[in-house]
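Trainee: structure, please.
(one chain, ligands or ions: 1)
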Amino acid sequence: MLSKHRTKPRTDSGAVRAAVGAVEDPELHRGLAELGMLRDVEVDRKGGARIEIALTTQACPLRESLREAVTSAATAAGATAVEVGFSTMSERERMELAGRIRNERARGLDERTRVYAVASGKGGVGKSSVTANLAVALARSGQRVGVLDADVWGFSIPHLFGVRRNPVALNGFMLPIEAHGVRLMSVGFFVDDAEPVVWRGPMLHKALEQFLVDVHWDALDVLLLDLPPGTGDVALSLLELVPQAALLAVTTPQPAAQTVAARVGRMARDQRMPIAGVVENMSSLVCGSCGTATPLFGTGGGQRLAEELGVPLLTQIPLDTAMREAGDAGIPVVARDPDAPSATAVAKLAAELPVVRRGLAGMPLPLSVV
Ligand SMILES: Nc1ncnc2c1ncn2[C@@H]1O[C@H](COP(=O)(O)OP(=O)(O)OP(=O)(O)O)[C@@H](O)[C@H]1O
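Mentor: Got it, this is the predicted structure:
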């Protein structure tokens, strides 16, 4: 006689396969099943699941985060115990995956991506900190955001985001590294901190081109370019490579900083690059206990620069210990301490960042007579 209380298995391999197959690869942003990475799923009668995931490379840096995501998806689908094993894709599987991604329109930059080149006249005014925090603030508002660290000789994006590893390469293109919801690419992912980067001219241009074209940015809404300070080779290369970029000029309130920032503004004007606006950083020092603001670097530099360039002053970010500490800790202040005065000033910038389109009037068209 059949027992009335025969227990039904809590789950089956179909349910676990469906749940795990929908888990997104953190860098390819597609389901594991769609990517061909879900190799095997077995569920025993007690509901214990054994899952095999095929990684793109043996040394995949995302192994542990994938293990966690797969385990929780299988548990949510009713598995009582979960064992995740990893194998590596064959060369043929990798080629197939790369081919599939290569064929997608999403590779490289999308024509709808808004691009902002964050520039300053001189170093140390907080251009990279502004870039990193603006990126996180935009990502938190639900946009797909990328940062290309084009400050090739003084890269600081890896440090500001607390990332120290090589990006995954997949048959001819690279996957950006994702941190705090932002997709990142930097020369700093490929060289040691102590190693000098000696790129110039054509080599530099080629490297920047690769970072734009051979990186799987995947349909970004916004790309921020962290330029080296001043008006050099990188700025000119990027203007050529990303003609839709708009300039975001960062300055401190000091007259000296404002004057050199104005040079960058003039370079942009000469190249017919639109200017989205001015960001004044280190505007005043706010006392943590009494709230008094002291204008350590003077006042008015941001406003004067904005007037000179005929664009809005978008925000004034105070000198704030929270911002410096967050930078040192590798967690942008917008994520670490969103109520800090510097973080709210960056949030204002993200909310009011103008959409600027480059006018084509008067521009030479890339046509040639054959
Ligand atoms: N508003 C701020 N309050 C406090 N510290 C800040 C602020 N903005 C930047 N800093 C700190 O100032 C230092 C320089 O900042 P950052 O590296 O962003 O400047 P930069 O203009 O990109 O410099 P470089 O062009 O030389 O790379 C960092 O230590 C950063 O944490």
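Trainee: drop to CA atoms for contacts and neighbour counts, all remaining ones
Mentor: OK.
Trainee: this protein: helices as residue ranges?
Mentor: Per DSSP state H, the chain carries helices over the ranges 13-21, 63-76, 91-103, 127-140, 157-160, 201-213, 233-241, 255-270, 301-309, 321-329, 333-336, 341-352.
Trainee: deepest in the core, which of the ones you listed is it.
Mentor: Burial of those is given as mean neighbour count (mean count of other C-alpha atoms under 10 Å); helix 127-140 ranks first at a mean of 25.
Trainee: so is that one next to the ligand?
Mentor: Yes - residues of helix 127-140 contacting the ligand under C-alpha under 6 Å from any ligand atom: 127-129.
Trainee: what does the stretch 151-300 of the chain put close to the ligand?
Mentor: So the stretch 151-300 of the chain meets the ligand at 154, 228-229, 281-282 (C-alpha under 6 Å from any ligand atom).
Trainee: quick one: those residues as CSV, columns for distance to Leu313 too.
Mentor: Below are these laid out as CSV (distance: C-alpha to C-alpha, whole Å):
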residue, distance to Leu313
Gly154, 26
Pro228, 21
Pro229, 20
Asn281, 11
Met282, 14
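Trainee: closest one to Lys348 out of the residues you listed, please.
Mentor: Asn281 (13.2 Å; C-alpha to C-alpha).
Trainee: number of nearby residues for that closest one?
Mentor: Neighbour count for Asn281, taken as other C-alpha atoms under 10 Å: 26.
Trainee: tell me the spacing between it and Gln303.
Mentor: 12 Å (C-alpha to C-alpha, to the nearest Å).
Trainee: spatially, what comes nearest to the closest residue to the ligand within the stretch 151-300 of the chain if we skip its sequence neighbours?
Mentor: Closest contact between the stretch 151-300 of the chain and the ligand, by C-alpha to the nearest ligand atom, is at Met282 (4.5 Å). Nearest residue to Met282, sequence neighbours excluded (C-alpha to C-alpha, 6 or more residues apart in numbering): Leu319, at 4.2 Å.
Trainee: what are the bridge partners for the one you found, then?
Mentor: Leu285 (DSSP bridges).
Trainee: oh, and call the first residue 5 from now on, that's how I've got it
Mentor: Sure, I'll start numbering at 5, so the last one becomes Leu323.
Trainee: look at it and say how many residues are nearby.
Mentor: By other C-alpha under 10 Å, 22 other residues sit near Leu323.
Trainee: right, and it touches Ser346 too?
Mentor: Yes - between Leu323 and Ser346 there is a contact at 7.2 Å, judged by C-alpha atoms under 8 Å.
Trainee: quick check: which ranges of this structure have low pLDDT?
Mentor: When residues are selected by pLDDT under 70, those of the chain lie in 5-13, 107-113, 197-206, 235-236, 361-374.
Trainee: can you list the domains in this protein?
Mentor: Here the domain assignment for the chain is 17-107, 118-356, based on automatic domain parsing.
Trainee: hmm, back to that, in the residues of the stretch 155-304 of the chain next to the ligand, find the pair that's most separated.
Mentor: Gly158 and Met286 (20.0 Å).
Trainee: what about the two, which has more around it?
Mentor: Shown here are Gly158 and Met286; by other C-alpha under 10 Å, Met286 has more neighbours (23 against 18).
Trainee: quick one, what contacts the more buried one?
Mentor: Contacts for Met286 (C-alpha atoms under 8 Å, 6 or more residues apart in numbering) come out as 129-130, 256-257, 301, 320-324.
Trainee: farthest pair within these?
Mentor: Applying C-alpha to C-alpha across these, the maximum distance is between Pro257 and Asp324, 14.9 Å.
Trainee: re earlier: what distance do you get for the residue nearest to Met286 to Glu329?
Mentor: With C-alpha to C-alpha as the criterion, Leu323 and Glu329 are 12 Å apart.
Trainee: between Pro257 and Asp324, who's got more neighbours?
Mentor: Comparing Pro257 with Asp324 by other C-alpha under 10 Å, the one with more neighbours is Pro257, at 27 against 20.
Trainee: for that one, which non-adjacent residue is spatially closest?
Mentor: Gly305 (3.8 Å).
Trainee: repeat for Phe177
Mentor: Nearest residue to Phe177 in three dimensions, chain neighbours excluded: Asp218, at 4.8 Å (C-alpha to C-alpha, 6+ apart).
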